[in-house]
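Engineer: Provided below are the primary sequence and the corresponding predicted coordinates.
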Amino acid sequence: QVQLVESGGGLVQPGGSLRLSCAASGSIFSIKDMGWYRQVTGKQRELVAVITSGGSTNYADSVKGRFTISRDNAKNTVYLQMNSLKPEDTAVYYCNARIRIDPRDYFGINYWGKGTLVTVSS
């Protein structure tokens with residue numbers, strides 16, 4: 001069984017920084033894309049940033065230049081460094097990973113973490 005566990009959320013003032021972490025554990029053969037999404041109550045979940053196994057990244061326009069996604073393949077962990085935070089960044093942040101359990105399964109299975117709350121407020 002595979003689990004994604006996020007950490008690092010909390011309350012921060014506007015202009016501040018937070019670093020989110022997400023560790024994948026379980027019977028993992030390999031991990032393809034890893035990413036972060038966020039959701040505000042009553043709205044759809046939206047992509048924040050994604051990183052491929054090779055290190056290529058993609059960001060939502062709203063966070064470009066402020067957030068940085070990275071990963072440590074040896075630790076099966078993805079990070080999201082969030083700088084210059086704004087009140088509109090307040091949301092539950094979810095970790096996502098496409099994970100291959102069976103080496104015969106090229107495409108892998110999509111997994112989600114339970115989310116961590118980020119609140120940006122003075």
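Structural biologist: Nice, I can see it.

Engineer: any idea how far Tyr111 is from Leu18?
Structural biologist: Distance, Tyr111 to Leu18, by C-beta to C-beta, to the nearest Å: 23 Å. Any C-beta I mention is one placed from the backbone N, CA and C, and that applies to glycine too.

Engineer: oh, I was asking about Asp89
Structural biologist: Distance, Asp89 to Leu18, using C-beta to C-beta: 9 Å.

Engineer: so what sits against both of these two?
Structural biologist: Met82, Val118 (C-beta atoms under 8 Å, 6 or more residues apart in numbering).

Engineer: which element is the residue nearest to the spatial centre of the chain on?
Structural biologist: By C-alpha atoms, centre = their mean, the chain has its centre lying nearest to Trp36, at 2.6 Å. For Trp36, the element it lies in under DSSP states H and E is strand 30-39.

Engineer: need the contact partners of that strand.
Structural biologist: 20, 22, 24, 45-53, 69, 71, 73, 76, 78, 80, 89, 91-100, 103, 108, 115, 118.

Engineer: again, 6 Å this time
Structural biologist: The set of residues external to strand 30-39 that reach it, using C-beta atoms under 6 Å, 6 or more residues apart in numbering, is 45, 47-53, 71, 78, 80, 91-94, 96-100, 108.

Engineer: so what strands line up beside it?
Structural biologist: Sheet pairing here is set by DSSP bridges, and for strand 30-39 it gives strand 46-51 (antiparallel), strand 91-100 (antiparallel).

Engineer: re the thing from before, now the contacts of strand 30-39: which count as buried?
Structural biologist: By neighbour count, with 16 or more other C-beta atoms under 10 Å, the contacts of strand 30-39 hold 48-51, 71, 78, 80, 91-94, 96-100, 108 as buried.

Engineer: rewinding a little: tell me the buried residues in the strand holding Trp36?
Structural biologist: Ile31, Lys32, Asp33, Met34, Gly35, Trp36, Tyr37, Arg38.

Engineer: gap between that strand and the chain center?
Structural biologist: Strand 30-39 has its C-alpha centroid displaced from the chain centroid by 5 Å (C-alpha atoms, centre = their mean, to the nearest Å).

Engineer: keeping just the C-alphas, turn that strand into PDB.
Structural biologist: The C-alpha coordinates for strand 30-39 follow below in PDB (Å, rounded to 0.1, in the frame of the first residue of the first chain):
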ATOM      1  CA  SER A  30       9.300   4.100  -9.200                       C
ATOM      2  CA  ILE A  31       7.600   7.500  -9.200                       C
ATOM      3  CA  LYS A  32       6.800   9.500 -12.300                       C
ATOM      4  CA  ASP A  33       5.400  13.000 -12.000                       C
ATOM      5  CA  MET A  34       5.000  14.500  -8.500                       C
ATOM      6  CA  GLY A  35       3.000  17.700  -7.900                       C
ATOM      7  CA  TRP A  36       1.200  20.100  -5.600                       C
ATOM      8  CA  TYR A  37      -2.400  21.100  -6.000                       C
ATOM      9  CA  ARG A  38      -4.500  23.400  -3.800                       C
ATOM     10  CA  GLN A  39      -8.200  23.800  -3.100                       C
END
